[in-house]
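K.L.:
using only what follows, build the 3D model:
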Amino acid sequence: MVTHANKRASAARELSGTNLSRAGDYNQRVVLQAIRAAGTATRGEVAAVTGLTQQSIINISRRLIADGLVVEAGRIASTRGQPATRLTINADGAYAIGLNIDRDHMTFVIMDLGGRVRERIYLDRHFALPSDVLDFLKTNLDLIFADRRFARRRLLGVGLAIPDRLGEVEVTGRPAAYDQWSTVDIARLVATQLQVPVFAENDATSAAIGESQFGLGHSHKTFVYTLISAGLGCGLIINGQPYTGSVTRAGEIGNIPIASPDGSKSTLWDAVSLYALYGELAAHGFTVSHPDELNADDDAMTPAIDAWVDKAARYMAGPFLAITYLLSPDMHFIGGQLPVFIAEKLCARLNAMFQTDRNRFAMAWFRTASTSVDAAAMGAASLVFQNRLLPTPDALKNQSSLGQLG
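P.N.:
The predicted model follows:
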């Protein structure tokens, strides 16, 4: 049995600072994350977790309080000496914007330092151009800051979650002007217009980060997040850290070639995406252009939806069996704009298909992501905190132990 003290010692080994004076900024990040992960913690508890000296913690906590990032949250009675003061995050001390841009929608969130989404705006918009994105962002920010619910000076930056090759992939209904996405640097445009730092990441990786920090992925160090929206991609979390590859983008499963029944050249994306689902529904006589038009109680559509689920699972089986054997993840999550009830059907179908292999080998299960629709936008907002205030992911390997301090 692991005792509470042993868990703290383990956490200290995993989330460690340095006492070198020139590393003060890094130490401040580590201390801030220790308090954030714990909920509340005394200075002594933070020192035990980080390995920093008590005096270092005192100095750093003073700076964090002066900066408005941390507040004192009462005292703990003690049998010896002065009662210890507990520290906690000031959720209003900093904000980050997360913006998910895709071929069929834009999702905008404002997240506070505590990790809570304070504002969410969703726009159903097919093939929005870069100018549309800038207008959407600026208009909503002006409205939000006008009512003084959020202090503009506390905005740390913007995180963008955007599919790779957004303007290059041919999809049904794509206008010629959409080619703009192949040459525009949207991160630079946003940074210039808003005058704040901007951090961009692939949407599937952002979704995996969102699931890791705010969803069921928090309990799994290594998992695969499959984002099914207008497109298809995988976000990889390996040993608690996002993995994006080097030579090319890791997780680009949508580009995997598949054999179509008619013998034409196709990719997995052509079979597994919202557009592929809409195409299957059209073949059955249903015109659908938005996920909200799909209803679990619509018996008329059920056969068409089930037909797509069966096809999608068959095409996914080979690539995902390879992913499972190569990475040995703890879990496969399926999320994105795909309605949850359809994602549940797809997970059930894949689990049934892999049951024989699972009986012979220890294999991860498929399940729906808990952050689903907003995962990419939430992950994008997290990128801002990660880059501006918090330590790198390799310093956060045991957040579950940290959380038990409070």
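K.L.:
so how far is G263 from A376?
P.N.:
According to C-beta to C-beta, to the nearest Å, A376 and G263 sit 35 Å apart. For the C-beta atoms, the positions are set from N, CA and C on the backbone; glycine is no exception.
K.L.:
and this structure, what are its domains?
P.N.:
Segmentation of the chain into domains, based on automatic domain parsing, reads 4-92, 95-208+376-388, 216-370.
K.L.:
show me the residue sitting in the middle of this protein in space.
P.N.:
Taking C-alpha atoms, centre = their mean as the criterion, G210 is the residue nearest the geometric centre of the chain, at 2.0 Å.
K.L.:
how about the domains of the chain in TSV, adding mean pLDDT and mean neighbour count?
P.N.:
Listed next are the domains of the chain as TSV, based on pLDDT from 0 to 100; neighbours: other C-beta atoms under 10 Å:
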stretch	mean pLDDT	mean neighbour count
domain 4-92	77	17
domain 95-208+376-388	91	19
domain 216-370	90	18
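K.L.:
list the contacts of stretch 140-153.
P.N.:
Outside stretch 140-153, the residues that touch it by C-beta atoms under 8 Å, 6 or more residues apart in numbering are 92, 95, 97, 108, 110, 118-119, 121, 194.
K.L.:
which single one of the residues you listed is nearest to R314?
P.N.:
Of all the contacts of stretch 140-153, the one with the least separation from R314 (C-beta to C-beta) is F108, at 36.2 Å.
K.L.:
can you pull up the bridge partners for that closest one?
P.N.:
Beta bridges link F108 to L99, I121 when assigned by DSSP bridges.
K.L.:
cool, F333 as well?
P.N.:
In this entry, F333 is beta-bridged to Y225, R367, by DSSP bridges.
K.L.:
quick one: it from I238, how far?
P.N.:
F333 sits at a distance of 14 Å from I238 (criterion: C-beta to C-beta).
K.L.:
likewise for D299?
P.N.:
In terms of C-beta to C-beta, D299 sits 42 Å off from I238.
K.L.:
ok, back up a step: ignoring the adjacent residues along the chain, who's closest to the residue nearest to the centre of the chain?
P.N.:
Spatial nearest neighbour of G210, excluding adjacent residues (C-beta to C-beta, 6 or more residues apart in numbering): G379 at 3.4 Å.
K.L.:
test my guess that the one you found contacts A204.
P.N.:
No: the criterion here is C-beta atoms under 8 Å, and G379 misses it with A204 at 9.5 Å.
K.L.:
any idea which element the residue nearest to G210 lies in?
P.N.:
Under the criterion of DSSP states H and E, G379 resides in helix 375-388.
K.L.:
then W269?
P.N.:
Assigned by DSSP H and E, W269 belongs to helix 268-271.
K.L.:
all strands of the stretch 301-406 of the chain, in order?
P.N.:
331-335, 365-368 (DSSP state E, counting those that start in this stretch).
K.L.:
check which helices and strands the shortest one is in contact with.
P.N.:
Other helices and strands packing on strand 365-368, by 3 or more C-beta pairs under 8 Å, 6 or more residues apart in numbering; DSSP states H and E, are strand 331-335, helix 340-353.
K.L.:
which residues are in contact with the last one?
P.N.:
By C-beta under 8 Å, 6+ apart, the surrounding residues in contact with helix 340-353 are 228, 277, 294, 296, 305-306, 309-310, 312-313, 316-317, 320, 332, 334-335, 338, 358, 365-369, 372.
K.L.:
tilt between that helix and strand 331-335?
P.N.:
Helix 340-353 runs at 150 degrees relative to strand 331-335, counting by axes from the mean of the first three to the mean of the last three C-alpha atoms, to 10 degrees.
K.L.:
tell me how far helix 340-353 is from the chain's mean position?
P.N.:
Averaging C-alpha positions (C-alpha atoms, centre = their mean, to the nearest Å) puts helix 340-353 21 Å from its chain's average.
K.L.:
what's the answer for stretch 170-185, then?
P.N.:
25 Å.
K.L.:
for P393, give me the pLDDT.
P.N.:
At P393, the model reports a pLDDT of 56.
K.L.:
now do the one 3 residues further on
P.N.:
Predicted confidence (pLDDT) at L396: the value is 41.
K.L.:
so where do the helices sit in the stretch 1-150 of the chain?
P.N.:
4-14, 24-38, 43-50, 54-66, 130-146 (DSSP state H, counting those that start in this stretch).
K.L.:
between the third one and helix 54-66, how many degrees?
P.N.:
Counting by the same axes, to 10 degrees, helix 43-50 points 110 degrees away from the direction of helix 54-66.
K.L.:
so what secondary structure elements neighbour helix 43-50?
P.N.:
Identification of packing neighbours for helix 43-50 by 3+ C-beta pairs under 8 Å, 6+ apart yields helix 4-14, helix 24-38, helix 54-66, strand 84-89.
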